[in-house]
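Chemist: after the sequence you'll find the predicted model.
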Amino acid sequence: MEFVADVLLVAGALGAGCYCFVLARRLNRFNDLEKGVGGAVAVLSAQVDDLSGALVSARKAADVSNDALDDLTGRAEDVAKRLELLLASMHDMPAATGTSRPAAAPAPNPATSEAEQETAAQRETSSDTSENGDIPSASPPAFIRRGAQIGLGQ
């Protein structure tokens, strides 16, 4: 009876040893850095580091873009204010009476007679009158820039 008990004890010890050996191999494969979960954890850790760096660079790029957009928005607001002022000043201008006048009268041709020059001058003055026949009053200059006055049609 003692012999059977010793054989069973040795068989149990060998079974436990085999079980431990198989378990150790499985654990090594599980923690293997190339194929197992350890490798997956290492890869994920590397990806987290890469994504953190990408996030930092994206945040810096967004900050630069935000600053540029703020600058452009400020410039656009300034231009919009100037355009509003120009538009408001256009409402203060007198209305045009029809066709535009030439910028300067043509130089007289020395070959033409005085009578032809007088009739040409009369035609110009008659085209300058308004619809009711009155001579239009002098209008203020349309634009004032650096001290120079530039009027419409003058």
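Modeler: Yep, that arrived. Numbers count the residues shown, from 1 in each chain.

Chemist: and residue 94, which of the three is it?
Modeler: Classification of residue 94 by DSSP: H, G, I helix; E, B strand; the rest coil places it in coil.

Chemist: burial check on it, number of neighbours?
Modeler: Other residues within reach of residue 94, judged by other CB atoms under 10 Å, total 11. (C-beta placed from N, C-alpha, C; glycine too.)

Chemist: what's the separation between it and residue 67?
Modeler: Residue 94 sits 46 Å away from residue 67, going by CB to CB, to the nearest Å.

Chemist: setting aside sequence neighbours, what's the nearest residue to residue 29?
Modeler: residue 36 (5.5 Å; CB to CB, 6 or more residues apart in numbering).

Chemist: what about the helix or strand hosting residue 22, average pLDDT?
Modeler: Using DSSP states H and E, the element containing residue 22 is helix 2-30. For helix 2-30, the mean per-residue pLDDT is 92.

Chemist: now do the next helix or strand after it: which elements does it pack against?
Modeler: For helix 2-30, the following helix or strand on the C-terminal side (DSSP H and E) is helix 37-91. Contact partners of helix 37-91 among helices and strands, from 3 or more CB pairs under 8 Å, 6 or more residues apart in numbering; DSSP states H and E: none.

Chemist: okay, residue 6 and residue 59: tell me how far apart.
Modeler: Residue 6 is 72 Å from residue 59, by CB to CB.

Chemist: wait, I meant residue 71
Modeler: Counting by CB to CB, the gap from residue 71 to residue 59 is 19 Å.

Chemist: next one: residue 36
Modeler: 35 Å.

Chemist: what about these two, which has more around it?
Modeler: residue 36 (16 against 10).

Chemist: per-residue confidence for that one?
Modeler: The per-residue pLDDT reported for residue 36 equals 74.

Chemist: and if you look at residue 68?
Modeler: So residue 68 comes in at 95 (pLDDT).

Chemist: give me the number of residues near residue 44?
Modeler: 10.

Chemist: number the residues from 22 up from this point.
Modeler: OK, 22 is where the count begins now, so the last one is residue 65.

Chemist: give the contact list for it.
Modeler: The contact partners of residue 65, by CB atoms under 8 Å, 6 or more residues apart in numbering, come to none.
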